[in-house]
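Peer 1: From the sequence below, what's the structure:
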Amino acid sequence: MATVGQRALAWCDAWNQAHPWDHNAHHHRWIERHLPSHLDTALDVGCGTGDLVRRLSRRASHVTGLDADPASINTARLLVHEQHNVDFRCEDLLTADLPGGYDAITAMAVLHHVPFEPALTRLRDLLAPGGTLVVLGVYCEETRSDYLLSAAAIPVNLSWARSRRGNDDLPSDRSR
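Peer 2: Numbers count the residues shown, from 1 in each chain. Prediction:
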C-alpha cells in the first residue's frame, strides 16, 4: 500500500505530465537576457528534459545539455527532434569529458546537487576566456523548516503551472 507521501508524489507527477511546465521555466527569459545575442557554443548543466537547451539553440551554433539523470536525457533527446546544433550527454558535471571553451554556461537549480566549490571550479575551467556563466541557485533543504517551506510551495507551483499552460514560456516544440 502506498503511503500518503508516495500518493502525493504520484499525483504531482501526473499533474506535471498533463501540465508541462516547471518553476525553472519561469527563469528562462531572465537567463537569456544575461547572455550575448549570439553564441558559438553553450553548455546547460543540469539540463533536465532540455527546455533551456532548445531555447539556447536559437542563438547558439551548438548547445550541449548535460544531466546525470538518464530518464531526463532520454526525454530531452526525444523532444529535440532533428536539431543538428544540439546534443545531450548523460554524465556528471565533475567527471564529464567535455571539450571546454564554451562561450556561455548555464547552471539552473543544479549546484545544490553537487559539491559546490569543485563544481564552480569545473565551470570556470570549462568557460572560454571572456565567456558568460549564469548560475541560478537554490539551497539544499537541511532543516525541518526548509522542508516545510518547500512543501508549502507545491500548491503555488501547481497553480502557477496551470495558469502558464499555453503561455509563451512553454517551448513551442513540446507536446501538450
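Peer 1: Please make it C-alpha for all contacts and neighbour counts, starting now.
Peer 2: OK.
Peer 1: what helix or strand does Ala2 sit in?
Peer 2: Counting by DSSP states H and E, there is no helix or strand that carries Ala2.
Peer 1: which ones are touching the closest residue in space to Val134 that isn't next to it in sequence?
Peer 2: Closest residue to Val134 apart from its sequence neighbours, by C-alpha to C-alpha, 6 or more residues apart in numbering: Thr106 at 4.9 Å. Contact analysis of Thr106 by C-alpha atoms under 8 Å, 6 or more residues apart in numbering lists 31, 42-45, 133-135.
Peer 1: quick one: contacts of the top strand by length along the chain?
Peer 2: Counting by DSSP state E, the longest strand found in the chain is strand 127-136. Strand 127-136 has contacts (C-alpha under 8 Å, 6+ apart) with 31, 34-35, 100-109, 123.
Peer 1: how about the strands in this protein?
Peer 2: 39-45, 60-67, 86-90, 102-108, 127-136.
Peer 1: Mean pLDDT added to these, as a markdown table?
Peer 2: Shown next, in a markdown table, are the strands of the chain (pLDDT from 0 to 100):
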| stretch | mean pLDDT |
| --- | --- |
| strand 39-45 | 97 |
| strand 60-67 | 97 |
| strand 86-90 | 97 |
| strand 102-108 | 97 |
| strand 127-136 | 95 |
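Peer 1: Format those as JSON lines; extra columns: distance to Asp13.
Peer 2: Formatted as JSON lines, these follow (distance: least, C-alpha to C-alpha, whole Å):
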{"stretch": "strand 39-45", "distance to Asp13": "23"}
{"stretch": "strand 60-67", "distance to Asp13": "19"}
{"stretch": "strand 86-90", "distance to Asp13": "22"}
{"stretch": "strand 102-108", "distance to Asp13": "21"}
{"stretch": "strand 127-136", "distance to Asp13": "24"}
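Peer 1: so which of the ones you listed gets nearest Thr75?
Peer 2: strand 86-90 (10.1 Å; C-alpha to C-alpha).
Peer 1: got any ranges where this protein has weak pLDDT?
Peer 2: 1, 15-23, 138-140, 157-158, 160-176 (pLDDT under 70).
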